[in-house]
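1. would you be able to build a 3D model of this:
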Amino acid sequence: MHAKLAVLLASLAYTVNPVLAATKVMFLGDSITGSPGCWRALLWTQLVNAGKTNVDMVGTLPAQGCGIPYDGDNEGHGGYLATNIANQNMLPAWLSATTPDVVAMTLGTNDVRPIAQILPMNPSGCTECNQRVIAFNSAIPAWAKNKTTTASPITVVDLYKGFNTTTDTYDGFIHENGNAKIAASYYPFVYNVV
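-> Now for the predicted structure:
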């Protein structure tokens, strides 16, 4: 089961003049975003190949090895819960340190079954997890519509559609090897905001 739900792409007070400054994009999430997060390397390569070279990936964490050069700064923290990031007010410090123009959030996997931080995650041990993912995903569009503004629009990017836990994870449950699928899902949305 892949709980990488749907992803939100929120533009933060987007006033950057692309002629003067690169558009700063922060990828915020858990281990699927951060380590190694090779879908970000593929996305970076796709953007550069399409002529989108005025992009600066930002975050307080460096890239991890993906075998190709790319701007890999990110805010992908392994094991982090979306609820803890919010409840412990972690985001303001990361935003202050990097001042992104766009934030792409890929969170929720660890929230579906938070006890997995202690016990090994096994799909047979969480028969209700897929239903939680479906319920969470179906709530995101309404939440985004309610929170979006002209100054800070929110776009929902669905990473769950077409995802197969057997073929798209290397551990059979949570950690993706479907990097090309994730990059392809993000690409049109990121392309349009940079």
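2. where does pLDDT dip in this protein?
-> Low-confidence segments of the chain, defined by pLDDT under 70, are located at 1-20, 113-126, 170-176.
3. ok, which stretches of it are strands?
-> Listed from the start of the chain, the chain has strands (DSSP state E) covering 6-11, 23-29, 55-58, 75-76, 102-106, 154-158.
4. any chance of those in JSON lines, with distance to Val194 and mean neighbour count too?
-> C-beta coordinates here come from the backbone N, C-alpha and C atoms, glycine included. Listed next are the strands of the chain as JSON lines, based on distance: least, C-beta to C-beta, whole Å; neighbours: other C-beta atoms under 10 Å:
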{"stretch": "strand 6-11", "distance to Val194": "10", "mean neighbour count": "22"}
{"stretch": "strand 23-29", "distance to Val194": "4", "mean neighbour count": "26"}
{"stretch": "strand 55-58", "distance to Val194": "5", "mean neighbour count": "22"}
{"stretch": "strand 75-76", "distance to Val194": "17", "mean neighbour count": "25"}
{"stretch": "strand 102-106", "distance to Val194": "7", "mean neighbour count": "24"}
{"stretch": "strand 154-158", "distance to Val194": "13", "mean neighbour count": "18"}
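5. redo the ones you listed as CSV? Include distance to Lys181.
-> Listed next are those as CSV, based on distance: least, C-beta to C-beta, whole Å:
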stretch, distance to Lys181
strand 6-11, 12
strand 23-29, 16
strand 55-58, 19
strand 75-76, 17
strand 102-106, 13
strand 154-158, 11
